[in-house]
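Trainee: Provided below for reference: sequence and predicted model.
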Amino acid sequence: MLPFLQFPPSRKTVSISEKDVLRVAHLARIRVSKDELGRYQEGLSGILSLVEQMHDCNTDGVEPMAHPQDIQLRLREDQVTESDRRDAMQESAPKVGEGLYLVPRVIE
């Protein structure tokens, strides 16, 4: 097992096939050699087993959280701090109309 994937023993074990590991590796653009395949299979199975354990947790009455810590973000006043430089920025554009960049149509 990969050293950073240490999972507590699970009542349920979720298995993932070698074919699925290779598919996930392809999607993630990760090259997995034949001798690494078993370790990745075991690690991904452990992750899926942990998710399965979390599904068994009773969350009735638990309010959803936006952040794991109870913090308030410091907000600043919404003020304009820069001047309008749209015209200067659009001078180098090939085509501009009514303050918008005009581009060729690409969808019929």
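Mentor: Perfect, I can see it now.
Trainee: where are the low-confidence patches of this structure?
Mentor: 1-12 (pLDDT under 70).
Trainee: residue closest to the middle of it?
Mentor: Central residue of the chain (CA atoms, centre = their mean): Ala28, 11.9 Å from the mean position.
Trainee: since we're on Glu52, how many residues are nearby?
Mentor: 14 (other CB atoms under 10 Å). (Each C-beta comes from the backbone N, C-alpha and C, glycine too.)
Trainee: mind checking which helix or strand it is in?
Mentor: helix 34-55 (DSSP states H and E).
Trainee: What is that helix packed up against?
Mentor: Under the contact definition 3 or more CB pairs under 8 Å, 6 or more residues apart in numbering; DSSP states H and E, helix 34-55 sits against helix 18-27.
Trainee: Can you check what angle separates the helix it packs on from helix 34-55?
Mentor: 90 degrees (axes from the mean of the first three to the mean of the last three CA atoms, to 10 degrees).
Trainee: returning to that earlier point: can you list the neighbours in contact with the helix or strand following the helix holding Glu52?
Mentor: Using DSSP H and E, the next helix or strand after helix 34-55 towards the C-terminus is helix 86-90. Identification of contacts with helix 86-90 by CB atoms under 8 Å, 6 or more residues apart in numbering yields 96, 99, 101.
Trainee: same thing but at 7 Å, please
Mentor: Residues external to helix 86-90 that are found in contact with it (CB atoms under 7 Å, 6 or more residues apart in numbering): 96, 99.
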